[in-house]
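**Q** Below: sequence and its predicted model.
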Amino acid sequence: MLKNYFKIAFRNLLRHKGFSFINIAGLAIGLACCILVALFIIDELSYDRYSEDSNRVYRVVKDFVNDDGSKLPDATTPPAIGAAIQTDIPEIEHVARLMPGWGNKFFVRNGEKKFIEENIYKADSSIFDVFTFKFLKGDPKTALQPPNAIVLTESAANKYF
């Protein structure tokens, strides 16, 4: 019985080629659009979800206004904003500031080993109060307390030491 249904459907597809092409193309385009929308939504909902309290973490952004009046969204803010937010808004529990290296190259040396690194971030010691990272060694509470302290990924530690 099922074999007969497929045979009739195939014959109708061959008999009405233009109509079949329009239907199949519309179905394919519709499915592709649904998949793209679903992938976009999944990506947006998964942003910064690696942290335990990700629903309580917010990012401060501002609009950079060009000379012609157009606005460009920008996530960089002056360093003093962190302290001002902490003192002026009592609901804020912790403030963490990150500063990327902006493509600068940093010289790292361990004994005779010398490296040039590009992807280095500067961060406040409160970064581990806001975000959750798994530590292999050390304590997140005291990791960045002393000046010039660093936190390394496992691959960077293996590379340097």
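**A** The structure has been received and is ready for your questions.

**Q** just checking, what packs against the longest helix along the chain?
**A** Identified as the longest helix of the chain according to DSSP state H is helix 17-45. Contact here means 3 or more Cβ pairs under 8 Å, 6 or more residues apart in numbering; DSSP states H and E; on that basis helix 17-45 packs against no helix or strand. For glycine as for every other residue, the C-beta is placed from the backbone atoms N, C-alpha and C.

**Q** next one: it to chain centre, how far?
**A** Chain-centre distance of helix 17-45: 26 Å, with Cα atoms, centre = their mean, to the nearest Å.

**Q** from here on, count from 25
**A** All right, first residue 25 from here; so that's helix 41-69.

**Q** In its sheet, which strands sit next to whichever helix or strand comes after that helix, and in what direction?
**A** Beyond helix 41-69 in the direction of the C-terminus, DSSP states H and E gives the next helix or strand as strand 86-89. Sheet pairing here is set by DSSP bridges, and for strand 86-89 it gives strand 95-98 (antiparallel).

**Q** what's the distance between the partner strand and the middle of its chain?
**A** On Cα atoms, centre = their mean, the centre of strand 95-98 falls 18 Å from the chain's centre.

**Q** do the same with stretch 157-168
**A** How far stretch 157-168 lies from its chain's middle: 22 Å, per Cα atoms, centre = their mean.

**Q** now swap in stretch 149-167 and tell me
**A** 19 Å.

**Q** Then stretch 66-79?
**A** Shown here is stretch 66-79, whose average C-alpha point lies 9 Å from the average C-alpha point of the whole chain (Cα atoms, centre = their mean).

**Q** now do the same end-to-end measure for that stretch.
**A** The distance separating the two terminal residues of stretch 66-79, taken as Cα to Cα, to the nearest Å, comes to 16 Å.

**Q** Buried residues, that stretch. List them.
**A** Taking 16 or more other Cβ atoms under 10 Å as the basis for neighbour counts, none of the residues of stretch 66-79 comes out buried.
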